[in-house]
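Trainee: no sequence on this one, just coordinates:
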């Protein structure tokens with residue numbers, strides 16, 4: 001069972017990102033503040049869930065959360081400041097868009113760029129340990145996958161509706177044949 005809180009504070013926000021290792025598309029991040037009694041049956045690290053379960057849990061999170069927000073950093077921002085800094089930027093943007101200000105940030109991973117006014121704790125594997133981080137994981141993943149499906153309609157050769165911009169053999173073969181798009185991360189090794 002996932003842990004409800006790290007600090008015991010009611011307004012603790014979980015943060016996670018999606019798309020850090022992709023060759024194309026923005027990196028997304030989500031911030032989620034959950035009520036203490038929020039215990040959906042299938043909430044887990046988004047990587048451990050089926051797409052159907054993620055979508056069902058996403059609806060529950062969006063309906064029941066005290067506050068939630070999703071934000072992104074573009075491929076141009078990734079190229080300018082690097083993927084780690086772009087991930088932190090997306091997380092900071094998500095926190096800024098929360099309708100309720102959190103008292104503490106609980107971040108998946110081992111590094112984070114400190115927020116100007118909010119304390120934080122980094123938790124390695126936090127998306128498999130804490131409800132709020134797992135919820136952020138689900139939102140970041142589902143919103144990013146949705147964006148990549150939209151981009152796939154305009155760029156059908158790359159298989160983004162299935163690979164979400166990750167470096168699959170099909171994606172790399174399409175880059176080789178058709179070249180990169182403006183959505184590709186030019187600072188990454190594409191081939």
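Mentor: Arrived safely. Source: prediction; values computed, not measured.

Trainee: strands along this structure, start to end?
Mentor: Assigned by DSSP state E, the chain shows strands spanning 12-18, 27-33, 67-73, 104-108, 120-123.

Trainee: CSV please, covering the ones you listed and showing mean pLDDT, distance to residue 137 and mean neighbour count.
Mentor: C-beta: built from backbone N, CA, C; applies to glycine. CSV is the format used below for the strands of the chain (pLDDT from 0 to 100; distance: least, CB to CB, whole Å; neighbours: other CB atoms under 10 Å):
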stretch, mean pLDDT, distance to residue 137, mean neighbour count
strand 12-18, 98, 4, 30
strand 27-33, 98, 8, 30
strand 67-73, 98, 12, 22
strand 104-108, 97, 7, 24
strand 120-123, 97, 12, 16
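
Trainee: right, and these - which one's nearest residue 98?
Mentor: Ranking the strands of the chain by proximity to residue 98 (CB to CB) places strand 67-73 first, at 4.5 Å.

Trainee: turn the strands of the chain into a markdown table, including distance to residue 94.
Mentor: Compiled in a markdown table, the strands of the chain are given as follows (distance: least, CB to CB, whole Å):
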| stretch | distance to residue 94 |
| --- | --- |
| strand 12-18 | 7 |
| strand 27-33 | 4 |
| strand 67-73 | 4 |
| strand 104-108 | 10 |
| strand 120-123 | 13 |
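
Trainee: which one of these lies nearest to residue 97?
Mentor: strand 67-73 (3.7 Å).

Trainee: for that closest one, packing partners?
Mentor: strand 27-33, helix 83-96, helix 131-154 (3 or more CB pairs under 8 Å, 6 or more residues apart in numbering; DSSP states H and E).

Trainee: the closest residue to residue 167 other than its chain neighbours: neighbour count?
Mentor: Closest residue to residue 167 apart from its sequence neighbours, by CB to CB, 6 or more residues apart in numbering: residue 23 at 5.1 Å. With neighbours defined by other CB atoms under 10 Å, the count for residue 23 comes to 24.

Trainee: quick one on the thing from earlier: output the helices and strands packed on strand 67-73 in JSON lines, with distance to residue 106 appended to each entry.
Mentor: Below are these laid out as JSON lines (distance: least, CB to CB, whole Å):
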{"stretch": "strand 27-33", "distance to residue 106": "10"}
{"stretch": "helix 83-96", "distance to residue 106": "11"}
{"stretch": "helix 131-154", "distance to residue 106": "6"}
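
Trainee: okay then, goodbye and thanks.
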